[in-house]
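In: Need the 3D shape of this:
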Amino acid sequence: MTVDFSKGDGLVPAIVQDSKTKNVLMLGYMNEAALQKTEAERRVTFYSRSKKRLWTKGEESGHYLHVESIQADCDNDTLLIQASPRGPVCHTGTDTCWGEKNNPHPLQFIAALEGTIADRQLKPSSESYTSRLFEKGINKIAQKVGEEAVELVIEAKDSHDELFLNEAADLLFHYLILLQAKGKNLGDVTAVLQSRVKG
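Out: This next block holds a predicted model:
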């Protein structure tokens with residue numbers, strides 16, 4: 001990786017992004033020595049412009065940023081660091097330096113759930129409800145989707161939000177199982193929806 005440190009008087013901006021949630025955690029600056037230390041130790045180290053020295057994030061708090069990957073942008077003068085945080089990132093105690101919660105996007109959870117469902121099909125376990133449902137076959141899975149859809153419709157007519165959301169979750173879960181049983185996933189479904197969008 002080639003980095004052009006000449007444009008910023010020896011410093012380049014380094015954006016730190018959570019490798020799992022993809023949320024931006026903080027921005028710092030690196031000189032060549034900071035980058036070398038980061039690459040060698042796999043902990044994010046910046047050059048502190050106020051302290052005039054290298055500064056490893058978490059050196060006092062223990063909330064290190066463990067490096068997963070480092071990329072330079074198209075001009076080789078900005079870095080994107082994918083990292084795994086150990087605790088709050090900001091010195092104020094918040095998850096990010098913008099005061100945001102570092103929670104995964106709901107679709108990331110769905111993707112992880114799809115992976116778990118696929119695993120239950122490929123590596124069946126007698127203790128897994130999902131595995132047992134796969135064993136009963138496509139007719140039973142489709143029937144469960146129908147049952148959950150009816151239950152959701154019934155709850156939609158009432159005003160009990162908790163019951164409605166629970167039935168919605170049950171329907172989505174069984175729908176994901178049905179997609180997996182058919183060798184498909186939500187990506188295939190969204191591709192169909194995208195094809196229907198008229199520019």
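In: Surely Glu155 is in a helix?
Out: Yes: under the criterion used here (DSSP: H, G, I helix; E, B strand; the rest coil), Glu155 sits inside a helix.
In: From the chain's centre, how far out is stretch 90-109? Work that out for me.
Out: 11 Å (CA atoms, centre = their mean, to the nearest Å).
In: What sits closest to the residue most central in space within the chain if chain neighbours are left out?
Out: In the chain, the residue lying closest to the centroid (CA atoms, centre = their mean) is Thr21, at 3.1 Å. Distances taken as CB to CB, 6 or more residues apart in numbering put Pro104 closest to Thr21, at 4.4 Å, once the chain neighbours are dropped. Placement of C-beta: from N, CA and C, glycine included.
In: which ones are touching Thr92?
Out: Thr92 makes contacts with Gly99, as judged by CB atoms under 8 Å, 6 or more residues apart in numbering.
In: Okay, and it sits in which element?
Out: Counting by DSSP states H and E, no helix or strand carries Thr92.
In: which SS state does the residue nearest to the centre of the chain fall under?
Out: Once three-state DSSP is applied, Thr21 turns out coil.
In: Equivalent analysis for Val16, please.
Out: Here Val16 is recorded as strand under three-state DSSP.
In: packing partners for the lengthiest helix in the chain?
Out: When the chain is parsed with DSSP state H, its longest helix is helix 161-181. In terms of contacts (3 or more CB pairs under 8 Å, 6 or more residues apart in numbering; DSSP states H and E), helix 161-181 is packed against helix 106-122, helix 129-136, helix 138-156, helix 186-196.
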